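**Q** Mind folding the following:
(one chain, ligands or ions: 2)
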Amino acid sequence: MTTQPTGPASGTAPAPEAGAVLETGVAGDGLDLEAAQSVLGVDDSRFRHDYLEVRGLRVEFDGFVAVQGVDLTVTAGDLRFLIGPNGAGKTTIVDAITGLAAASGSVQFGGVDLLGKKTHRIARAGVGRTFQTASVFEELSVLQNLDIAAGAGRGPLALLRRRTSTPEAVEQALETVGLAHLRDVQAGILAHGQKQWLEIGMLLVQDARLLLLDEPVAGMSQAEREQTGELLQRIGAQRTVVVVEHDMEFLRAFASSVTVLHLGQVLAEGTYAEVQADPRVQEVYLGSAGATRGARRRGAAPTSAAPTTDEKEA
Ligand SMILES: Nc1ncnc2c1ncn2[C@@H]1O[C@H](COP(=O)(O)OP(=O)(O)OP(=O)(O)O)[C@@H](O)[C@H]1O
Ligand SMILES: [Mg+2]
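**A** Ligands and ions are numbered 1, 2, ... in the order given. Presented below is the predicted three-dimensional model:
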């Protein structure tokens, strides 16, 4: 049966791309990349600026300020989780970064200013996102979905040319997300988790170097969650990954760092243990401030699944 949940292949992650190791030093404390590069002989030109830098982000909807003064720095190799009660502004931040919501402030990735650019220009700058509802082409096969995603980065003439073999990037994405054995299966009959993996695979073949994933494990089984967490860690080791999530169990298991948002602002930032121990975070989740502000939930764990004191030993 082809619809069995099958985890992303472990141990098949591609070798780290050149420069990925150096990258983590970019926003760090004084690693001399020039010197490191000359010693190691690594051409990291493609990755050296691969970090997301958001400064003073502000988004307003008809007078309602949904996001205000948000600063966020995420480097490659850091698997960053964005959490916060319903309506905190998580999706709006992702929308602003990807050009779907008008914003002020500044957003840079890879040394490129993203704010004010059209969505396709932002995608071309190496930024990809998923939505809470997987958006794959249900009628097409897994391979065809990836092929189309790969085509998004090619010119019209190259797209018209018939392919004689599966492109390397597509082959690698199939392996990474664990769908190689399902390549000819119609995407519509994939299990829920597999569709999310396919969508992540589509970002990989588009060569997205910044991936913004909005509640990727919502609605997944426990097994699928674990497989997804491992997949995100593998991808996050080489790329810049930001995950919006509510599920604290998932967060505790897989987050390298966490940014907590509340009422459109950053409330706390640090490791899972740090933010979980922060009284302000506990207040927001457990106190009345954690109640929704008329925002809608879409299938994720309830807000009350947020940090609790009995999770302290994590
Ligand atoms: N297009 C819009 N027009 C008006 N208000 C909006 C719009 N999009 C979002 N908002 C409001 O902005 C605030 C932030 O919404 P956002 O969707 O970013 O929250 P979120 O943190 O992603 O919440 P959730 O956990 O429910 O997904 C909410 O109060 C929401 O109602
Ligand atoms: Mg949201």
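
**Q** I'd like the distance between residue 221 and ligand 2.
**A** 22 Å (C-beta to the ion, to the nearest Å). C-beta: built from backbone N, CA, C; applies to glycine.

**Q** quick one: that residue and residue 196 touch, right?
**A** No: using C-beta atoms under 8 Å, residue 221 is not in contact with residue 196, being 11.7 Å away.

**Q** Which of the two has more residues huddled nearby?
**A** Neighbour count, other C-beta atoms under 10 Å: between residue 221 and residue 196, residue 196 has more, with 27 against 13.

**Q** does that one sit in a helix, a strand or a coil?
**A** helix (DSSP: H, G, I helix; E, B strand; the rest coil).

**Q** can you tell me which residues contact it?
**A** Applying C-beta atoms under 8 Å, 6 or more residues apart in numbering to residue 196 gives the contacts 130, 134, 216-217, 220, 228.

**Q** which two in these are spaced the farthest apart?
**A** 130 and 220 (13.0 Å; C-beta to C-beta).

**Q** Apart from its chain neighbours, what residue comes closest to the spatially most central residue of the chain?
**A** Note on the chain: the residue nearest the mean C-alpha position is residue 212, at 3.0 Å, using C-alpha atoms, centre = their mean. Closest residue to residue 212 apart from its sequence neighbours, by C-beta to C-beta, 6 or more residues apart in numbering: residue 129 at 4.1 Å.

**Q** Setting aside sequence neighbours, what's the nearest residue to residue 183?
**A** Residue nearest to residue 183 in three dimensions, not counting chain neighbours: residue 143, with 4.3 Å by C-beta to C-beta, 6+ apart.

**Q** Would you check how far apart that neighbour and residue 181 are?
**A** 12 Å (C-beta to C-beta, to the nearest Å).

**Q** quick one: which of the two has more around it?
**A** residue 143 (19 against 12).

**Q** what sits against the more buried one?
**A** 166, 170, 174, 183-184.

**Q** how far away is it from residue 185?
**A** From residue 143 over to residue 185 (counting by C-beta to C-beta), the distance is 9 Å.

**Q** quick one: common contacting residues for the two?
**A** Applying C-beta under 8 Å, 6+ apart, one finds that no residue jointly contacts residue 143 and residue 185.

**Q** circling back: now, the contacts of residue 196 that are in helices?
**A** Using DSSP state H, residue 228 are the members of the contacts of residue 196 that sit in helices.

**Q** from the contacts of residue 196, which has minimum pLDDT?
**A** Of all those, residue 134 has the smallest pLDDT value, namely 74.

**Q** For the closest residue to residue 92 other than its chain neighbours, grab the count of nearby residues.
**A** Nearest non-adjacent residue to residue 92, counting by C-beta to C-beta, 6+ apart: residue 66, 4.7 Å away. When neighbours are counted by other C-beta under 10 Å, residue 66 registers 21.

**Q** Each with direction, which strands does the helix or strand hosting residue 66 pair with?
**A** Secondary-structure assignment from DSSP states H and E places residue 66 in strand 64-75. Applying DSSP bridges to the sheet, strand 64-75 is found paired with strand 51-61 (antiparallel).
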